[in-house]
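Asks: Next one to model:
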Amino acid sequence: MKIVSIYPAPFDVQLRHEANSAILYNNKIYAYEEGKITSVKNEPTTLFPEKSLMLGFKELKIIPENVDLWVFPKTQNKLDLKALYLFFSFFLKAYTGNRAKFKNWIKRKVKIVKHHDLHTYSSIGCSGYKNGLYVNFDGGGDFGDTRNCTWGTFNNRKINEYGKSFGLNNIACFHAFITDLCGFKSDNGKVTGIAAYGKINNNLKEKFLKVLKITNNQIIFTRKRYKNSKPNLNNLDVNEYDRYKILNPFPAHSNISKICKGFNLQDIAATAENIIEEFIIKFLKNIKKKFYKRLLRKYSFFWWFVFKCKFKRKN
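Replies: Down below sits the predicted model:
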């Protein structure tokens, strides 16, 4: 069976990041980000990951018409049938049949999956476990799936959600604010790198603790933006158009930038990652204590912020 996954969904109105495609065929997986081909990270002018998708077809020696199933992330509004016809017939030539039969073809060939569930299935598939607990943290800014945290059990890749939370006041957005303050835009993984050169500052940690708290279903971050950033056209480079850098110059005017004023960037990163680690471990212990007594020896995680915490077993 040939399965293709595309992110973002074609003609989605929401601006996305890291457009990518993946193909599963004969137990082989091809996956690539569009930005690695265009050499522009988070390529903003890309409607869908066309180049990476076509390179995958070439590598696996298949053509779009032979694909058995297409997987798209759920969008805020239902995808327009006319737009999908244009996408599959004109852009990809995956559908070559009669236009009147296209609707039935879509029902058989296209599967829509929620944003968080895509993360969850990806994490479970890579974990090597057949059953256990999954916990999923994300920023919550996806219009088609506004959850920021989901958790539950999985058995033979079937998920059973027990808890969820919505909105932007979450631990992933806390890390995003730290990333922005450090000057890394949306490159969250770089915070881990700079944190290695810093030290945990207890004074700063106390300030962070005032804007973070834990409930049964989420870690809440009291986020505040005091004013919108103004576009900075001086950041425009015709050879590398970075929409985020132009429209959202960093650092943003937020409660985090106010709290961190006067502290060393390396220490800010180290302190933030330390407190995130502690909060997530406490969150997991709360789940284990309140909802499960016999499970929970196996964990499957997805980190929106590519966070390399040192999760040691702490009883």
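Asks: low pLDDT regions in the stretch 1-150 of the chain?
Replies: Within the stretch 1-150 of the chain, the ranges that satisfy pLDDT under 70 run 42-45.
Asks: Would you state the helices of this structure in chain order?
Replies: Shown for the chain, the helices assigned by DSSP state H span residues 34-38, 50-60, 81-85, 102-109, 115-127, 171-181, 189-195, 202-209, 243-247, 255-259, 265-291.
Asks: Give me whichever of these is most buried.
Replies: Stretch with highest mean neighbour count among the helices of the chain: helix 171-181 (a mean of 24; mean count of other C-beta atoms under 10 Å). Yep, even glycine has a C-beta here, placed from its N, CA and C like the rest.
Asks: how far is that helix from where the chain is centred?
Replies: Per C-alpha atoms, centre = their mean, to the nearest Å, the displacement of helix 171-181 from the mean C-alpha position of its chain is 14 Å.
Asks: next one: stretch 10-21
Replies: The chain centre lies 12 Å from the centre of stretch 10-21; the measure is C-alpha atoms, centre = their mean.
Asks: Endpoint to endpoint, it covers what distance?
Replies: This stretch, stretch 10-21, spans 12 Å end to end (C-alpha to C-alpha, to the nearest Å).
Asks: Would you mark the buried spots in it?
Replies: Neighbour counts using 16 or more other C-beta atoms under 10 Å place 10, 12, 16-17, 19-21 of stretch 10-21 among the buried residues.
Asks: Show me what that stretch is in contact with.
Replies: Stretch 10-21 has contacts (C-beta atoms under 8 Å, 6 or more residues apart in numbering) with 4-8, 31-35, 42-44, 46-49, 52-53, 56, 72-73, 75-77, 79-80, 83-84, 87, 91, 142-144, 186, 243.
Asks: what's the answer for stretch 221-230, then?
Replies: The contact list for stretch 221-230 (C-beta under 8 Å, 6+ apart) reads 168-171, 173-174, 177, 211-212, 247-250, 252-256.
Asks: make it 7 Å
Replies: Residues external to stretch 221-230 that are found in contact with it (C-beta atoms under 7 Å, 6 or more residues apart in numbering): 168-171, 173-174, 177, 211-212, 248-249, 252-255.
Asks: before we move on, what about stretch 251-270?
Replies: So stretch 251-270 is contacted by 177-178, 180-182, 191, 194-195, 197-201, 204, 207, 211, 224-227, 229 (C-beta under 7 Å, 6+ apart).
Asks: rerun that using 6 Å as the cut-off
Replies: Outside stretch 251-270, the residues that touch it by C-beta atoms under 6 Å, 6 or more residues apart in numbering are 177, 180-182, 191, 194-195, 197-201, 204, 207, 224-227, 229.
Asks: I'd like the distance from the closest residue to residue 246 other than its chain neighbours to residue 10, if you could.
Replies: In this structure, residue 246 finds its nearest non-sequential neighbour in residue 235, 5.0 Å apart by C-beta to C-beta, 6 or more residues apart in numbering. According to C-beta to C-beta, to the nearest Å, residue 235 and residue 10 sit 29 Å apart.
Asks: now residue 73
Replies: The gap separating residue 73 from residue 10 is 11 Å, by C-beta to C-beta.
Asks: How about residue 146?
Replies: For residue 146, the distance to residue 10 - C-beta to C-beta - is 21 Å.
Asks: I'd like the domain boundaries of this structure, if you could list them.
Replies: Following automatic domain parsing, one finds the domains of the chain at 3-113, 115-315.
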